[in-house]
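>>> Let me see the structure of the following:
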Amino acid sequence: MVIGILALQGGIEEHRAVLERLGCQVRLVRFPTDLEGLDGIVIPGGESTVMDKLARAFGLAEPLRDALKSGLPAFGTCAGLIYLAEVENPAPAQQTLAVLPVRVRRNAFGTQKDSFEQLIDGQPATFIRAPEVVAAGDAEVIARLADGRIVGVRHGRNVAYSFHPEENGRTDLHEQWLRNLRGEKHV
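Purely as a prediction, here's the structure:
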């Protein structure tokens with residue numbers, strides 16, 4: 001499988017390490033031509049406003065949105081979730097791809113110094129200035145905190161999380177997404 005990683009800014013190398021460990025061929029995506037022939041794309045954590053500005057500057061935002069709307073599966077973490085969704089509290093002039101039918105609140109868990117780790121389904125999840133899903137629309141909720149806050153959603157072959165599984169060396173969520181891309185059942 002050829003999996004792209006939106007390589008404008010953020011946790012690119014951490015996702016690359018996980019995907020390569022799982023046997024994927026990885027392509028860094030910076031320009032529209034990099035989208036050709038992908039089986040899926042990872043939108044990493046980082047800074048969603050910078051990601052947006054760079055994607056528009058490189059002429060990538062519209063082709064990426066079109067590819068996603070045409071069925072290119074996505075796996076997003078933190079800022080990736082923000083960039084894939086609609087945002088309740090966007091930064092000035094911030095745009096998103098708005099391809100996931102969910103609404104998120106940016107920085108819902110506080111500032112950088114408020115970062116924390118929590119177990120979700122027995123596995124570590126790192127939250128860094130994380131968004132919260134405030135309206136899941138017709139997306140399936142696949143991860144919640146103990147207090148009920150939504151931190152993971154699936155819609156078709158797209159998944160997105162508020163946290164960073166790649167920061168802890170977790171591979172299970174990437175593996176589930178890849179199995180789904182291959183047509184295998186959700187576990």
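>>> since we're on residue 182, how many residues are nearby?
9 (other C-beta atoms under 10 Å). Every residue, glycine included, has its C-beta placed from N, CA and C.
>>> need the contact list for the closest residue to it other than its chain neighbours.
Of all residues not flanking residue 182 in the chain, residue 1 sits nearest, at 7.6 Å (C-beta to C-beta, 6 or more residues apart in numbering). Residue 1 is in contact with 23, 24, 25, 39, 40, 178, 181, 182, counting by C-beta atoms under 8 Å, 6 or more residues apart in numbering.
>>> Of those residues, just the buried ones, ChimeraX syntax please.
Command for ChimeraX that selects the buried part of the contacts of residue 1, burial taken from 16 or more other C-beta atoms under 10 Å:
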select :24,40,178,181
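>>> Closest one to residue 158 out of the contacts of residue 1, please.
Relative to residue 158, the closest of those is residue 40; by C-beta to C-beta it sits at 9.1 Å.
>>> Could you give the bridge partners of that closest one?
residue 3 (DSSP bridges).
>>> And the strands in the protein?
2-6, 25-29, 40-43, 74-77, 86-87, 103-105, 116-120, 123-127, 132-135, 140-144, 150-155, 158-161 (DSSP state E).
>>> Now do the contacts for residue 71.
Taking C-beta under 8 Å, 6+ apart as the test, what residue 71 contacts is residue 157.
>>> for the lowest-mean-pLDDT helix or strand in the chain, packing partners?
Every helix and strand of the chain was ranked by mean pLDDT, DSSP states H and E. The lowest is strand 116-120, at a mean of 88. Helices and strands touching strand 116-120, by 3 or more C-beta pairs under 8 Å, 6 or more residues apart in numbering; DSSP states H and E, are strand 123-127.
>>> now the angle from the strand it packs on to strand 116-120?
150 degrees (axes from the mean of the first three to the mean of the last three C-alpha atoms, to 10 degrees).
>>> what's in contact with strand 123-127?
So strand 123-127 is contacted by 109, 115-119, 143, 151, 161-165, 167-168, 170, 172 (C-beta under 8 Å, 6+ apart).
>>> go with 7 Å
The contact list for strand 123-127, computed with C-beta atoms under 7 Å, 6 or more residues apart in numbering, reads 109, 115-118, 162-165, 167-168, 170, 172.
>>> quick one, what contacts the residue nearest the centre of the chain?
For the chain, residue 76 is the residue whose C-alpha lies nearest the centre (C-alpha atoms, centre = their mean; 0.8 Å). If you count contacts by C-beta under 7 Å, 6+ apart, residue 76 has them with 43, 83, 84, 160.
>>> would you turn the residues you listed into CSV with pLDDT and neighbour count?
Output for the contacts of residue 76, formatted as CSV (pLDDT from 0 to 100; neighbours: other C-beta atoms under 10 Å):
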residue, pLDDT, neighbour count
43, 98, 31
83, 98, 32
84, 98, 26
160, 98, 29
